[in-house]
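Enquirer: predicted model and sequence follow; I will ask about them next.
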Amino acid sequence: MTTVAQYQALAARSHAVITTHQHAGGAYPASPTFSAYRGYAWLRDGGFTAEGVSRFGDVGSADRFHDWVSRVLADRRGQVDDLRSAGPDVPVERMLPTRFTFDGQNGSDPWWDFQTDGYGIWLWSLVTHARRHGLDLDRWRPGIEVAVDYLTAFWGLPCYDWWEEHVEQRHVSTLGAIHGGLRAVGPFLSGDRAAAAADAADAARRLTLTEGVRDGHLVKWLGSTAVDGSLPACVVPFGLVAPGDPVATATLAKVAADLDVDGGVHRFTADVFYGGGQWLLLSALLGWNLARTGDRAGAWRHLAWIADHATSDGELPEQVPDHLLHPGSRPEWLDRWGPVATPLLWSHGMYLILADELGVLA
């Protein structure tokens, strides 16, 4: 049986993994060793990782990440202005990318780049960090304004999801992240920008509750019937539906019923990536939601599952091959990209978040 001291030790190790690999310029690498992720930082991964670091009490590391994002986005002020002037029919190839090199450049190799969720996740992460530590958001105003202007112009377009798939769909978890980010940053904004952010957040919520609910629960994308392991984020932390709301309760129950096996959570039932294993960060996300709804036993179950799947030196992988959904597809990915990403900094960041929710970091 894992002791509180052992959970605390893994939290300290998680913080060390994150900060050891943080680039001098502030970026959090997705994974320092994985062939397809090495050399790149995502706003989605980094936003959640920064939240974990902020909860751990490392203000400086989180500040440096947010400084880096703000610089990267401020450098794209002209691009966003041009996109907004061009209207909604801009080819996806012209949109801002989902990942950047550590020096803030676009990637040079092909990727599934048009993903708007990361911009909302960054806004939420930044505002949450600033409120927690009493920081002035003016420090990051240039990046904030670019992210807000980009999202208010293009929030409703189909794009790739959290898993970089299905560019033709409008994904509920993406809409939730946009809603959460624009709502969080709203009090900092003024004038037309504040009004546009509020309008876009409200519209994303209305659209989701109109077209993104089936049988009382949120679904993977508008018009779908399936669920996705990222959907709990629409409850906590993004507040598209509040904890305890019937839609929130039904969503958490459906995700648990369809995707949770022994504490580990799959992405979605059709997942063939590395055979469709269980993702540590999604286990933490569901646990985070359970903790907020008062199911602390359920949340502890997820924290224990994550801890049980740390490597011998305390690194957390992206996923593990327990209860593979499609085992026949695993060799293809091993041949293409090598072993599963280990460590994945997002996994470590999510462990810190759940550990903090359960008082482990106190």
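Expert: On my side now, so go ahead. Remember, it's a predicted structure, so these values are computed and weren't measured experimentally.
Enquirer: contacts and neighbour counts: CA atoms only from here.
Expert: OK.
Enquirer: run a quick neighbour tally on Asp295.
Expert: Burial of Asp295 is recorded as 13 neighbouring residues (other Cα atoms under 10 Å).
Enquirer: begin at 24, not 1, for the rest of this chat.
Expert: Fine by me, first position is 24 from now on; the one you just mentioned is Asp318.
Enquirer: tell me which element the spatially most central residue of the chain is part of?
Expert: Geometric centre of the chain, nearest residue: Arg67, 4.3 Å, by Cα atoms, centre = their mean. In the assignment (DSSP states H and E), Arg67 maps to helix 66-79.
Enquirer: re the thing from before, can you give me the pLDDT of the residue nearest to the centre of the chain?
Expert: Predicted confidence (pLDDT) for Arg67: 98.
Enquirer: that one and Trp323, how far apart?
Expert: Distance check for Arg67 against Trp323: by Cα to Cα, to the nearest Å, it reads 25 Å.
Enquirer: not counting sequence-adjacent ones, nearest residue to the residue nearest to the centre of the chain?
Expert: In space, and not counting its chain neighbours, Arg67 is closest to Gly141: 4.3 Å by Cα to Cα, 6 or more residues apart in numbering.
Enquirer: do Glu234 as well
Expert: Leu245 (5.3 Å).
Enquirer: show me how far the helix holding Arg67 is from its chain's centre.
Expert: Distance of helix 66-79 from its chain centroid, counting by Cα atoms, centre = their mean, to the nearest Å, is 9 Å.
Enquirer: same question, stretch 328-343
Expert: The answer for stretch 328-343 is 19 Å, by Cα atoms, centre = their mean.
Enquirer: buried set for it?
Expert: Neighbour-count burial for stretch 328-343 flags 328-330, 332-333, 337-343 (criterion: 16 or more other Cα atoms under 10 Å).
Enquirer: strands of this protein, residue ranges please.
Expert: Ranges of strands in the chain, per DSSP state E, are 63-65, 122-124, 236-237, 240-241, 283-284, 287-289, 301-302, 342-343.
Enquirer: so where is the stretch 224-373 of the chain shaky, pLDDT-wise?
Expert: Filtered on pLDDT under 70, the stretch 224-373 of the chain yields no residues whatsoever.
Enquirer: now do the helices in it.
Expert: 269-282, 303-315, 319-331, 353-360, 368-380 (DSSP state H, counting those that start in this stretch).
Enquirer: please identify the most buried of those helices.
Expert: Of all the helices of the stretch 224-373 of the chain, helix 368-380 has the most neighbours on average by mean count of other Cα atoms under 10 Å, namely a mean of 28.
Enquirer: follow-up on the earlier one: the helices of the stretch 224-373 of the chain: which one's closest to Gly166?
Expert: Taking Cα to Cα, helix 368-380 is the member of the helices of the stretch 224-373 of the chain nearest to Gly166, at 21.8 Å.
Enquirer: so the closest one versus helix 303-315, what angle?
Expert: Orientation check (axes from the mean of the first three to the mean of the last three Cα atoms, to 10 degrees): helix 368-380 against helix 303-315 gives 20 degrees.
Enquirer: same for helix 368-380, what does it pack against?
Expert: helix 27-44, helix 66-79, helix 303-315, helix 319-331 (3 or more Cα pairs under 8 Å, 6 or more residues apart in numbering; DSSP states H and E).
Enquirer: let me have those helices in JSON lines, adding distance to Gly179 as columns.
Expert: Output for those, formatted as JSON lines (distance: least, Cα to Cα, whole Å):
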{"stretch": "helix 27-44", "distance to Gly179": "33"}
{"stretch": "helix 66-79", "distance to Gly179": "18"}
{"stretch": "helix 303-315", "distance to Gly179": "25"}
{"stretch": "helix 319-331", "distance to Gly179": "33"}
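Enquirer: the strands of the chain: which one's closest to Gly157?
Expert: For Gly157, the closest of the strands of the chain is strand 63-65, at 25.5 Å, according to Cα to Cα.
Enquirer: does anything pack onto that closest one? Which helices or strands?
Expert: Looks like strand 63-65 contacts strand 122-124 (3+ Cα pairs under 8 Å, 6+ apart).
Enquirer: what pLDDT, on average, does the strand it packs on get?
Expert: When pLDDT is averaged along strand 122-124, the result is 96.
Enquirer: and that strand, how far out from the chain's middle?
Expert: On the basis of Cα atoms, centre = their mean, strand 122-124 sits 15 Å off its chain's mean C-alpha point.
Enquirer: outside of it itself, list whatever touches it.
Expert: 62-66, 129-130, 136 (Cα atoms under 8 Å, 6 or more residues apart in numbering).
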